[in-house]
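S.K.: my questions concern the predicted model and sequence given below.
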Amino acid sequence: MSAPAAETATLAADQRQLAERYQRMEVLALRIAELSDAENPARAAQLRRAVQQSKDLALAEKFTSLVDLLREEQLAAAIRDQQQITAELSEVLRTLLEDPSIAEEAARKALLKKLQQGISDALRKQRNVRSKVARGAELGAAADEQAKLEAETKALEAEAKQANPSDPGPTPETPAEGEGNPSPNESQPSDAAGRLQAAAKSMGQAQTQLQKGQREQAQEPQLDAEQQLELAKQQIEEQLRQQREEELARLLADLGTRLRQMLEQETALREETAKRFAASPAERDREYEIAALQLADRQAETITLAERTLLLLAEDGQSVAFLEALRQIREDMLQVAARLKTAELGPITQQVEQEIIDSLSDAVDAVDAAIESQQAKKSPPPGEQQGQPGQQPLVDKLAELRMIRAMQARIQSRTKFWSTHRETAEPAAIRQELDRLAEQQRRLVTATEQLVAE
């Protein structure tokens, strides 16, 4: 057997072992999920989601097909499939690394938003029915509409109980007496589900009176149903706002931790780059090149962290400036990694590293200020939400504008830097850098326009 054929056979054997290990891992994950059901059901559900995701992607089968490709020495196809599997494994890993409590909160948030829309629709329909009755509509048809709306409201009540199985949440103020509400002696509902139950009860009373031909008498329970729906809506909006505040606190804390980690890594990299470059040209031998490659690997680790942070910001979707700042930081890191791989540790590489450090420092300061601002805010009383529930931005516009100003200053600084190195750098390198700066400037203009338009 020739040397290349022997090497391919070894690769096929290694790939088979990897395929078998992956299949065992799927079985083990399901077993751990079974054992975790009682004590940690959220984690158990997460493991099952990851395994199901793996099966949907047919990863086990793809591992096996790779073995066949290597045996047949179809290396190009094997490389292509390996790249695809690597990307899909990253998706499964991301599912496994997610905080189960965050996934639960996301599901609850989606349910609350659906409930909010459902209550808004029910309120609009109730007002429409009452308006028709007041204008002299046929009472039998109005009674049918009222009955249908009562059933829809009961369904909303069930959803409200699902969204809040144990915590009723804040209680909006009870409407003043004399506005169609129940007597003060009657107990008032204390949560959204209770408000919806009261609304459905009033709708049932209105339907009964409409069936009896009591047009005027039906108005009072209809008004009470509207008021209960409005209070239920306010309560759901308050829950969404509070959930967004908690979400922002977690997100800002996570973002601050990631940024500080990147800053620490980049600062250490900058110091090591300068130290290595300080060696005399005569000492820049093979060992010097190996050290440069090791620095490139360290930069690659920080790039991975930056990419994960970009995903975090993109999923939130509420910070235009931060997202663009991280994109520019990642691009600078990629440039540094490329230069380090070719053992270019000189002033240009060190300058870009320093700009990365400065950008990260600005981002850390902005996150710290945002955390202080969030902690200083006091929750407004129910019914007086600031903006749309669940849509509070990650940071306020002032912080976003400061980030944009810092990015603009960085682009200007980089432009000046390259203008002073026009004589020493290669024209192609200058052209490439200027093109990149032009693209960053274009994106910064777009980010500023989006921020102004909000």
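M.R.: In hand now; what should we look at?

S.K.: next, the buried residues of the stretch of helix or strand T304 belongs to.
M.R.: Per DSSP states H and E, T304 falls inside helix 286-316. For helix 286-316, a neighbour-count test (16 or more other CB atoms under 10 Å) marks 291-292, 295-296, 298-299, 302-303, 305-306, 309-310, 312-313, 316 as buried. C-betas here are computed from N, CA, C, even on glycine.

S.K.: ok, stretch 436-443 next?
M.R.: Those would be 437, 440, for stretch 436-443 by 16+ other CB under 10 Å.

S.K.: coming back round to it: give me the next element, helix or strand, following the helix holding T304.
M.R.: Next along from helix 286-316, by DSSP H and E: helix 320-341.

S.K.: and the helix or strand just after that next one, how far from the chain's centre?
M.R.: Scanning forward in sequence from helix 320-341 by DSSP H and E, the next helix or strand is helix 347-376. Helix 347-376 sits 21 Å away from the centroid of its parent chain (CA atoms, centre = their mean, to the nearest Å).

S.K.: helix 347-376 versus helix 286-316: what angle between them?
M.R.: Helix 347-376 and helix 286-316 are oriented at 30 degrees to each other (axes from the mean of the first three to the mean of the last three CA atoms, to 10 degrees).

S.K.: what mean pLDDT does helix 347-376 get?
M.R.: For helix 347-376, mean pLDDT rounds to 86.

S.K.: that helix to helix 320-341, inter-axis angle?
M.R.: 150 degrees.

S.K.: what residues sit buried inside helix 347-376?
M.R.: By neighbour count with 16+ other CB under 10 Å, helix 347-376 contains the buried residues 348-357, 359-364, 366-367, 370-371, 374.

S.K.: the following helix or strand past it to helix 320-341, inter-axis angle?
M.R.: Downstream of helix 347-376, the next assigned helix or strand under DSSP H and E is helix 397-420. Computed by the same axes, to 10 degrees, the angle separating helix 397-420 from helix 320-341 equals 30 degrees.

S.K.: which other residues reach helix 397-420?
M.R.: Applying CB atoms under 8 Å, 6 or more residues apart in numbering, the contact partners of helix 397-420 are 319-322, 324-325, 328, 351, 355, 358-359, 362-363, 366, 369-370, 373, 393, 425, 430, 433-434, 437, 440-441, 444, 447-448, 451, 454.

S.K.: what's downstream of that helix, the next helix or strand?
M.R.: Assignment by DSSP H and E places the next element after helix 397-420 at helix 427-453.

S.K.: tell me where the model's unsure across the stretch 51-200 of the chain.
M.R.: Within the stretch 51-200 of the chain, the ranges that satisfy pLDDT under 70 run 97-103, 165-190.

S.K.: please repeat the previous calculation with a cut-off of 80.
M.R.: The stretch 51-200 of the chain contains residues with pLDDT under 80 at 94-107, 164-190.

S.K.: for the stretch 51-200 of the chain, what spans make up the helices?
M.R.: 59-71, 75-97, 100-134, 139-163, 192-211 (DSSP state H, counting those that start in this stretch).
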